[in-house]
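>>> 3D model of this:
(4 chains)
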2 protein chains.
Amino acid sequence: MRLSTKGRYAVTAMLDLTLNGSDGPVTLAEISETQGISLSYLEQLFAALRSKQLVKGVRGPGGGYYLGREADEISIADIICAVDEWVEFTRCGGNRDCQDGKRCLTHNLWDDLSNEIFSFLQSITLAELVERGGLKEHGCRKEKERESIMPRADTAAA
Amino acid sequence: MRLSTKGRYAVTAMLDLTLNGSDGPVTLAEISETQGISLSYLEQLFAALRSKQLVKGVRGPGGGYYLGREADEISIADIICAVDEWVEFTRCGGNRDCQDGKRCLTHNLWDDLSNEIFSFLQSITLAELVERGGLKEHGCRKEKERESIMPRADTAAA
DNA sequence: TTTTAAACCTAGTAAATAACTAGGTAATTA
DNA sequence: TAATTACCTAGTTATTTACTAGGTTTAAAA
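Sure, this is the predicted structure:
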């Protein structure tokens, strides 16, 4: 499991879909504007998300993106795995007898950690994240200002 | 908490010290040879480890490195934090009201995950790792071949 | 039917980092 | 005094991140 800002961007964008997708598709231009992520970078992230059926694209004017499944059926692990492809913590390529028939000494460590992180992220869905954050009421973009989910890079504290 | 091969190299090297440090200091040349990590890169890693008192250097012929504390008093988190300096998962710089007085929606998520990973790695010491791996008997480099702890990059499976 | 707004696609680029190389100096032992 | 080690500094290459620039399709709206 790899953890980077890339995966966090993807989670942020998916959260934006969750919050604002109830009345029509959300455009990447909107997400780009609100969350401060470049449009073309979002397109790349969404290409990966789409290939895993986590989002559905609608072309043409009035188009945009929907969640590919219900928000309570998409885990954070799903999202991160889609954009940050799995990188083994070990160098063994995943085979269990990497060291002359037995597993190398650190193998179990990184394996366990990897599982730990994965199950943590898999246990949290987009729906739960919205509930937990208590920000469900901010989702209606027709009546209120859209809201940034993550601080912008340029306004982040030093 | 950042997780990269850098931190894994450091853990591997520290494990080598743990296994082979019982009869005199271990040289970086030995670790470099056995674990397949470049000498100069090891020197950089050990500069960081030394600054955190995780290792003690002994200069001159017959010199090398010892563990800075007992193996059961050094956690994996200690090692990784020494070489992979902490990078916030959030962009908030750690302040709790990054989003107009309230915490951003993903803040708690990354915060929780970060804590999860940290406490996992903090709960495991070098000593435990050696016991768990059941490789304690391989530590005597005078009588047996030294053993690679992690597969070399060039021999790793494709 | 034309225009327009969006997804969708490809290639390239700048910045950061990881991992390494090269070439030293300083301390300690034999 | 010579050898061996830690210790230090300044580069270099490869990879990845995040972005830019330019397209093409699709479908709604004018």
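>>> quick one: the helices in chain A?
Assigned by DSSP state H, the helices in chain A fall at A:5-20, A:28-35, A:39-51, A:76-83, A:107-122, A:126-133.
>>> Could you see whether DNA strand D lies near stretch A:48-55?
No: on the criterion Cβ under 7 Å from any atom of the strand, stretch A:48-55 is out of touch with DNA strand D, staying 10.9 Å away. Backbone N, C-alpha and C define where each C-beta goes, glycine included.
>>> Next, format the helices of chain A as a markdown table and append distance to B:L19 and mean neighbour count.
Formatted as a markdown table, the helices of chain A follow (distance: least, Cβ to Cβ, whole Å; neighbours: other Cβ atoms under 10 Å in any protein chain shown):
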| stretch | distance to B:L19 | mean neighbour count |
| --- | --- | --- |
| helix A:5-20 | 35 | 24 |
| helix A:28-35 | 48 | 18 |
| helix A:39-51 | 41 | 16 |
| helix A:76-83 | 34 | 23 |
| helix A:107-122 | 14 | 17 |
| helix A:126-133 | 43 | 18 |
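>>> Residues of chain A that sit close to DNA strand D?
Residues of chain A found near DNA strand D (Cβ under 7 Å from any atom of the strand) are A:2, A:4-6, A:9, A:37-41, A:43-44, A:59-63, A:84, A:153.
>>> switch to 6 Å and redo it
Those residues of chain A that sit near DNA strand D, judged by Cβ under 6 Å from any atom of the strand, are A:4-6, A:9, A:37-38, A:40-41, A:44, A:59-62, A:84.
>>> Need the max-distance pair from those.
A:S4 and A:P61 (34.2 Å; Cβ to Cβ).
>>> between those two, who's got more neighbours?
Taking other Cβ atoms under 10 Å in any protein chain shown, A:S4 and A:P61 do not tie; A:S4 has more neighbours (16 against 4).
>>> How about the contacts made by that one?
Going by Cβ atoms under 8 Å, 6 or more residues apart in numbering or on different chains, A:S4 touches A:D84.
>>> Wait, A:G64 touches A:D23, no?
No: judged on Cβ atoms under 8 Å, A:G64 makes no contact with A:D23 at a distance of 11.1 Å.
>>> could I get the residues of chain A next to DNA strand D as JSON lines with distance to B:E73 and pLDDT?
Below are the residues of chain A next to DNA strand D laid out as JSON lines (distance: Cβ to Cβ, whole Å; pLDDT from 0 to 100):
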{"residue": "A:S4", "distance to B:E73": "32", "pLDDT": "70"}
{"residue": "A:T5", "distance to B:E73": "34", "pLDDT": "75"}
{"residue": "A:K6", "distance to B:E73": "36", "pLDDT": "82"}
{"residue": "A:Y9", "distance to B:E73": "39", "pLDDT": "85"}
{"residue": "A:I37", "distance to B:E73": "43", "pLDDT": "85"}
{"residue": "A:S38", "distance to B:E73": "46", "pLDDT": "87"}
{"residue": "A:S40", "distance to B:E73": "49", "pLDDT": "89"}
{"residue": "A:Y41", "distance to B:E73": "44", "pLDDT": "90"}
{"residue": "A:Q44", "distance to B:E73": "45", "pLDDT": "91"}
{"residue": "A:R59", "distance to B:E73": "60", "pLDDT": "94"}
{"residue": "A:G60", "distance to B:E73": "63", "pLDDT": "93"}
{"residue": "A:P61", "distance to B:E73": "64", "pLDDT": "94"}
{"residue": "A:G62", "distance to B:E73": "63", "pLDDT": "92"}
{"residue": "A:D84", "distance to B:E73": "34", "pLDDT": "74"}
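>>> restrict those residues to contacts with DNA strand C.
Near DNA strand C, judged by Cβ under 6 Å from any atom of the strand, the entries from these are A:S40, A:R59, A:G60, A:P61.
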